[in-house]
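S.K.: This is a predicted model, with the sequence first.
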Number of protein chains: 8
Amino acid sequence: MEQIICMAKELSKGQGPVIVTRSDNSIYERISSVFPEARYYETAKVIVIKDNKKLKINRKSYVCIVTAGTSDIPVAEEASVIAETLGIRVERIYDAGVAGIHRLLKHKDKLLKARCVIVCAGMEGALASVVGGLVPCPVIGVPTSVGYGVCFKGVSALLTMLNSCAPNVSTVNIDDGFGAAVISSLIVRGK
Amino acid sequence: MEQIICMAKELSKGQGPVIVTRSDNSIYERISSVFPEARYYETAKVIVIKDNKKLKINRKSYVCIVTAGTSDIPVAEEASVIAETLGIRVERIYDAGVAGIHRLLKHKDKLLKARCVIVCAGMEGALASVVGGLVPCPVIGVPTSVGYGVCFKGVSALLTMLNSCAPNVSTVNIDDGFGAAVISSLIVRGK
Amino acid sequence: MEQIICMAKELSKGQGPVIVTRSDNSIYERISSVFPEARYYETAKVIVIKDNKKLKINRKSYVCIVTAGTSDIPVAEEASVIAETLGIRVERIYDAGVAGIHRLLKHKDKLLKARCVIVCAGMEGALASVVGGLVPCPVIGVPTSVGYGVCFKGVSALLTMLNSCAPNVSTVNIDDGFGAAVISSLIVRGK
Amino acid sequence: MEQIICMAKELSKGQGPVIVTRSDNSIYERISSVFPEARYYETAKVIVIKDNKKLKINRKSYVCIVTAGTSDIPVAEEASVIAETLGIRVERIYDAGVAGIHRLLKHKDKLLKARCVIVCAGMEGALASVVGGLVPCPVIGVPTSVGYGVCFKGVSALLTMLNSCAPNVSTVNIDDGFGAAVISSLIVRGK
Amino acid sequence: MEQIICMAKELSKGQGPVIVTRSDNSIYERISSVFPEARYYETAKVIVIKDNKKLKINRKSYVCIVTAGTSDIPVAEEASVIAETLGIRVERIYDAGVAGIHRLLKHKDKLLKARCVIVCAGMEGALASVVGGLVPCPVIGVPTSVGYGVCFKGVSALLTMLNSCAPNVSTVNIDDGFGAAVISSLIVRGK
Amino acid sequence: MEQIICMAKELSKGQGPVIVTRSDNSIYERISSVFPEARYYETAKVIVIKDNKKLKINRKSYVCIVTAGTSDIPVAEEASVIAETLGIRVERIYDAGVAGIHRLLKHKDKLLKARCVIVCAGMEGALASVVGGLVPCPVIGVPTSVGYGVCFKGVSALLTMLNSCAPNVSTVNIDDGFGAAVISSLIVRGK
Amino acid sequence: MEQIICMAKELSKGQGPVIVTRSDNSIYERISSVFPEARYYETAKVIVIKDNKKLKINRKSYVCIVTAGTSDIPVAEEASVIAETLGIRVERIYDAGVAGIHRLLKHKDKLLKARCVIVCAGMEGALASVVGGLVPCPVIGVPTSVGYGVCFKGVSALLTMLNSCAPNVSTVNIDDGFGAAVISSLIVRGK
Amino acid sequence: MEQIICMAKELSKGQGPVIVTRSDNSIYERISSVFPEARYYETAKVIVIKDNKKLKINRKSYVCIVTAGTSDIPVAEEASVIAETLGIRVERIYDAGVAGIHRLLKHKDKLLKARCVIVCAGMEGALASVVGGLVPCPVIGVPTSVGYGVCFKGVSALLTMLNSCAPNVSTVNIDDGFGAAVISSLIVRGK
């Protein structure tokens, strides 16, 4: 948490928002006593201390955030809340795992028009490759620590994403919704 | 190779065929000088020394053997040749990797009617989960050693298959087309 | 648990049963307040929400579920309860580890007539190979997380099963009694 | 190589170029006898079979490709040649490893204006974090298999990049200059 | 803790100080009831039971102790307190991670004059290489268990330091501030 | 090889024999030009330079050396030749793997009377546990590097043996027939 | 614990003692209510339910049990108590780690006369090699899970013992004092 | 090699010598045609291109370089030759492995007077801990890739050294004699 706070403090000097990730209710209570305007996103475990009023969200260009299962939603929400706080429009497609490929394919139009896609998936993490093959934009894989046994707390999903046969997939650390949100915002906003 | 030969010798006393896997031209030359009727399947690297004339192939019930890429075909052919030698009808669906999901979906009918599916895939091995979600029969995943970097010679594909979110997928050793063929023949023929 | 619930919900629309795995007493209390007919199998940690009255168990064809030690029984019971709920006859052979091979051999007749065998074993997991060499049907290995030190929470047993010198053994994830039950039901019932 | 060729063939039907990676002189000879216009980039081990005349390189927006040492140049050249073939302007900064931080800092202006940076680094791969901290754009880390001992053929550099404390760094497979080039081209060109 | 106590007891017979590491409040209470003069350094989790009055700190020659982030400070303080107790002058440079390279460079003068530098860093541990490239003295890397996901509790930072492209970096065990302090004191004091 | 030679030289000063392991024809030629009485055991890859005439083999107490497959015989022969050279009677039981448990059980009498058993097995290495459960003497497991895929060059067999549920099994390094022979000779000869 | 109890029950039918390992106070209370004669060895965490009155301890032949540090004593005591219960004389040499080699060397006479030595060591586990080089009898290494960081809960000590350059060292699972005691009793008692 | 050459070139502008490591005869031939004064140290595989005439070796303060076995000598010689070229007096103690602890102890005087000790050891690498316990100066462990099976090409020796119970041991990469020489020269020469 410390490095996020540091980063947030640094950002707060500029025009960017101030965000705390991997938070919980007790942290929120401590923070909200200092910053009464702070908001807490419970599923995402994210506290937004200082928003950025000046940021105008570009409603046309957006990032799609996709999850394989319902257990991956907290990581996806971390990414979603942060991307939105960074001024990016987010389209959520949750619970579209590859074991029921039709659940993904019915969102094909929305995926094809995205400027960037974030895929949050645990267990075998196969969703990143399938999405990578569907879309003509950069895909950021976020392996999640969801699963048991040889999921090895997200390592198996990470390896899957790094080995993706679709060449437009890059990967961040396990459960790193924050990193994925930052990268996607840099892609979607342009310069 | 030795353990395959031993197994083959033991089987040859019964009514089963005699097979040598992981073979090559020089082994074939040595064997064909003793068993002139032996046939060599080059892509599969399989020598069938003694066939089983009495085995009648059941034309209705079949195993589908699917590969993700063209590099996985040698392992798939090992499985195919052995399954056929064991009296099983084989339907091949090669080069249907998840990065182009339509290549797989156009074979949906053939997959749905199979009694068993073998999926041979390297790199991230995601194909096994996708196929597992499509079909109502047992799926045997064969991770292949195809890929580079963090494919770790098939370990990444193996982990993917073991973590499959589709519950009808079981897995054999890396590049073990032989094992998959034996298991599929036991499933397809029944008792 | 979430993915099991999702799967259960989906299945409940068809004619299959609805099952929750990896459960406990508090989950059962929550569920039974909604589904008063739900039953809780404590050793298996399985809740059967909706049974399938129409399923007739074929009394002739059965799956044998074998454990190496008494500590492997919870995983074996997960497999047993689910296989029975899926309409499959189960024969249990518990505590037949390889360090006392006679304990296994006295069940040889029952094993030989099975349509499929599930082997649940932790520590070194050697039982799967021994059973694989005895029976002429598919064997599904379920490595369990039983043991200490270099059992690495089931990884050692998993490697043993994947390396099995008996070619009729395939493997599922560590402690995955659910997957083994699903696959065995697809093998035993046929199409 | 096969999957690259397949992808190249598929792309050749559209307006994109056709590229073969991980090539060598003997492959080039085979290919140039069929496609006499094919060019071979020896350091990059890349063959460009069919170029794309219609692509106009946007001279303003560019990708910076940075290497830590001279041994990382082949991977960087794979990325550079492919990015250029995909119509992207490339600025090369080679041999700017962190053990002599001034070698990197003297290129600060060029880095700050890039739309995307690719960092190719082996051994400890620390360059990706340092660059990530300097630039306000997405950074794609390409771990290379350069090094000995506990570099573990690029795994150590991969872990470094995935753990990057700079949040704008994502990572591709070891030695995967191709993937980095594709992603950077999707970022630089926009839609 | 036991081995530290043993070592401390042995040292207490000579002229060295007696130190307990990885301590906490309850241990301190137990110890201070026996040794009322014992002092407890809370951040460092170090108890100094018996100091060494005769040791004169050489004010000219010193060790620099640098951390990448604020989370690495407890390990750095373990090293600092012990080095000072061993009679060594310590200069602290905390929170100078590579993602903001200027935070490190502003301390360049202090670093250049050090007789030895200890670098405490978790996550990707890149700071050790950067410092190694800056200074003309031995650098001791202390990987810390700070981070999540593929930091693997300090293993990733350890690999980074062992692979350092700066040849003046050696490494100790994860979170081993004690070892680093002992080695640095042997370097700084001379014979 | 060097450390074996050194050890051999040291032993040669006493009354023990002098042995070179992991040898080949070219080494034998070099050695036999110096020691014309040296004998070369080709399967075992062992050269016995100086025998021990005074050693009388105790014909009653013996070590059983068992292999799982024919591929494990070279390691077993290394153990056998060295144990015999150290004055121990050896009973060989080769090719008695667990996939055909009857092959082992027919040697039960010979196993029960042994003073010590060495089990050489690759792939899943399950034989050590089964033998451990049968015999009332110490069992030394020698994992061999036989197998492919997830045998990981003997690591899987090693883990199996270390996890053995039979408590009388200890283990040596992969392919270390030499070590097993030395230990068994110390057990069989007594003091 | 279950497998130990089973084994104990089986042994109790013969003339051997009945032992429970990895026990604690609550287990002891439960057991002593059934077997009032049961004794509890607290450091060893061993309960001896039924002793063997007929076993006469051979006072001449003994096993030496050596530890590297004081933290290794619980594992050593598990081995000691069980070996004594199995009728073997035990000589304890505790806290003789290699960092103070004189602590080991002063026990050289006792070590040289042992019929077998058990070495319990965590951290780097180097003691097994040093003892192996000193004594002319079998050495059983028991890696302990003592240490932090890259001790990896005993894996590092295990690797050290398996790699021992002294050829008379074999190894059991991490913290497996029970196995070492059983094997040493089989060596010391002879047949 | 490239990074060493670069470093050498950079150093050559100052007053330091110019060195190429991991060399061979063909590289030497190429270099000696340009630098006729270059010398080649064959065991060390080191080429000294430009020596440093001005460096005066301090004959009193020296580094001891110790090897466990004869196979570790090439790495030790790399360290020795480079340390001498950097103007440091080197005392060699080769083949003093822990399996014969007397071979080490007879050099105790020489070790005690050293300003720094480099320990090169493969297999289990235990020598570093033993030396660390003997001497009152910094010890630099160089794990070597000597061994087979679970030595894992030096990883086991590396873990041993990092886990050293002697607190004065730090470690460099596997086979990194160069790094150890550089660090020892910085310790021995002082400032």
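M.R.: In hand now; what should we look at?
S.K.: mind checking the SS state of the residue nearest the centre of chain A?
M.R.: Computing the C-alpha centroid of chain A and ranking residues by Cα atoms, centre = their mean puts A:Ala79 first, at 2.5 Å. For A:Ala79, the secondary-structure state derived from DSSP: H, G, I helix; E, B strand; the rest coil is helix.
S.K.: quick one: it from chain B, how far?
M.R.: Counting by Cβ to the nearest Cβ, to the nearest Å, the gap from A:Ala79 to chain B is 21 Å. Just so you know, the C-beta spots here come from the backbone N, C-alpha and C atoms, and that holds for glycine as well.
S.K.: who touches that residue in this structure?
M.R.: A:Ile65, A:Ile118, A:Cys120, A:Val142, A:Gly177, A:Phe178, A:Ala180, A:Ala181, A:Ser184 (Cβ atoms under 8 Å, 6 or more residues apart in numbering or on different chains).
S.K.: mind redoing it with 10 Å?
M.R.: A:Ala79 makes contact with A:44, A:46, A:63, A:65, A:67, A:90, A:92, A:118, A:120, A:140, A:142, A:172, A:176-184, according to Cβ atoms under 10 Å, 6 or more residues apart in numbering or on different chains.
S.K.: do A:Lys110 as well
M.R.: By Cβ under 10 Å, 6+ apart, the contact list for A:Lys110 reads A:Tyr62, A:Cys64, A:Val66, A:Glu91, A:Arg92, A:Ile93, A:Val117.
S.K.: Stretch A:148-159 - what's its average pLDDT?
M.R.: In this model, stretch A:148-159 carries a mean pLDDT of 94.
S.K.: show me where chain A has strands.
M.R.: For chain A, the strands defined by DSSP state E cover A:18-20, A:39-41, A:46-50, A:62-67, A:89-93, A:116-121, A:139-143, A:169-171.
S.K.: The last one and chain B in contact?
M.R.: Yes - applying Cβ under 10 Å from any Cβ of the partner chain, one finds that strand A:169-171 is in contact with chain B at A:Val169, A:Thr171.
S.K.: That strand and chain D in contact?
M.R.: Yes - Strand A:169-171 comes into contact with chain D (Cβ under 10 Å from any Cβ), by way of A:Val169, A:Ser170, A:Thr171.
S.K.: For the residue nearest to the centre of chain A, which non-adjacent residue is closest in space?
M.R.: Nearest in space to A:Ala79, with sequence neighbours left out and distances taken as Cβ to Cβ, 6 or more residues apart in numbering or on different chains, is A:Gly177 at 3.7 Å.
S.K.: Pipe the strands of chain A into JSON lines and attach mean pLDDT per row.
M.R.: Listed next are those as JSON lines, based on pLDDT from 0 to 100:
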{"stretch": "strand A:18-20", "mean pLDDT": "84"}
{"stretch": "strand A:39-41", "mean pLDDT": "94"}
{"stretch": "strand A:46-50", "mean pLDDT": "88"}
{"stretch": "strand A:62-67", "mean pLDDT": "97"}
{"stretch": "strand A:89-93", "mean pLDDT": "96"}
{"stretch": "strand A:116-121", "mean pLDDT": "97"}
{"stretch": "strand A:139-143", "mean pLDDT": "98"}
{"stretch": "strand A:169-171", "mean pLDDT": "98"}
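S.K.: Export the ones you listed to a markdown table and append columns for distance to C:Ser164 and mean neighbour count.
M.R.: Output for these, formatted as a markdown table (distance: least, Cβ to Cβ, whole Å; neighbours: other Cβ atoms under 10 Å in any protein chain shown):
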| stretch | distance to C:Ser164 | mean neighbour count |
| --- | --- | --- |
| strand A:18-20 | 50 | 23 |
| strand A:39-41 | 48 | 17 |
| strand A:46-50 | 47 | 22 |
| strand A:62-67 | 36 | 27 |
| strand A:89-93 | 40 | 18 |
| strand A:116-121 | 30 | 30 |
| strand A:139-143 | 30 | 32 |
| strand A:169-171 | 33 | 32 |
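S.K.: Out of the ones you listed, which is closest to chain F?
M.R.: Among the strands of chain A, the nearest to chain F by Cβ to the nearest Cβ is strand A:139-143 (21.7 Å).
S.K.: how much space is there between the nearest residue to A:Ala99 once chain neighbours are set aside and C:Thr85?
M.R.: Excluding the flanking residues, the one nearest A:Ala99 by Cβ to Cβ, 6+ apart is B:Gly133, at 3.5 Å. Using Cβ to Cβ, to the nearest Å, B:Gly133 is found at 21 Å from C:Thr85.
S.K.: what about the residue of chain A found nearest chain G, how many neighbours?
M.R.: Using Cβ to the nearest Cβ, A:Phe152 is the residue of chain A that sits closest to chain G, at 14.7 Å. Residues near A:Phe152, counting by other Cβ atoms under 10 Å in any protein chain shown, number 18.
S.K.: Please give me every residue in contact with the closest residue to it other than its chain neighbours.
M.R.: Nearest residue to A:Phe152 in three dimensions, chain neighbours excluded: B:Leu159, at 7.5 Å (Cβ to Cβ, 6+ apart). B:Leu159 makes contact with A:123-125, A:149-152, A:155-160, B:124-125, B:143, B:152, B:171, C:173, according to Cβ under 10 Å, 6+ apart.
S.K.: can we see that at 7 Å?
M.R.: Contacts of B:Leu159 were listed using Cβ atoms under 7 Å, 6 or more residues apart in numbering or on different chains, and they are A:Val150, A:Ser156, A:Leu159.
S.K.: Kindly report the same for A:Arg103.
M.R.: A:Asp95, A:Ala96.
S.K.: From B:Ala68, how far off is it?
M.R.: 21 Å.
S.K.: Equivalent analysis for A:Glu124, please.
M.R.: 14 Å.
S.K.: Then A:Ser32?
M.R.: 51 Å.
S.K.: Among those two, which residue is more densely surrounded?
M.R.: Higher neighbour count among A:Ser32 and B:Ala68: B:Ala68, with 33 against 15, using other Cβ under 10 Å.
S.K.: Hmm, the more buried one is touching B:Glu124, no?
M.R.: No - applying Cβ atoms under 7 Å as the test, B:Ala68 and B:Glu124 come out as separate, 8.8 Å apart.
S.K.: where's A:Pro143 relative to B:Leu158, distance?
M.R.: 17 Å.
S.K.: what does the model give the residue of chain A found nearest chain E for pLDDT?
M.R.: Distances between chain A and chain E by Cβ to the nearest Cβ are smallest at A:Ile174, namely 3.3 Å. Predicted confidence (pLDDT) for A:Ile174: 97.
S.K.: With A:Ser184 instead?
M.R.: On the pLDDT scale, A:Ser184 gets 97.
S.K.: Look up the closest residue to A:Lys60, ignoring the ones flanking it.
M.R.: Spatial nearest neighbour of A:Lys60, chain neighbours left out: A:Arg89 (8.0 Å); criterion: Cβ to Cβ, 6+ apart.
S.K.: Around chain B, pick out the residues from chain A.
M.R.: Within chain A, the positions near chain B by Cβ under 7 Å from any Cβ of the partner chain are A:97-101, A:123-124, A:126, A:129-130, A:132-134, A:147, A:150-151, A:156, A:159-160, A:162-166.
S.K.: Repeat the analysis, applying 6 Å as the threshold.
M.R.: Contact residues, chain A versus chain B (Cβ under 6 Å from any Cβ of the partner chain): A:97-101, A:123-124, A:126, A:129-130, A:133, A:147, A:150-151, A:156, A:159-160, A:162-166.
S.K.: and those, which of them are in helices?
M.R.: With helices defined by DSSP state H, the entries of the residues of chain A next to chain B inside them are A:Ile101, A:Ser129, A:Val130, A:Gly133, A:Ser156, A:Leu159, A:Thr160, A:Leu162.
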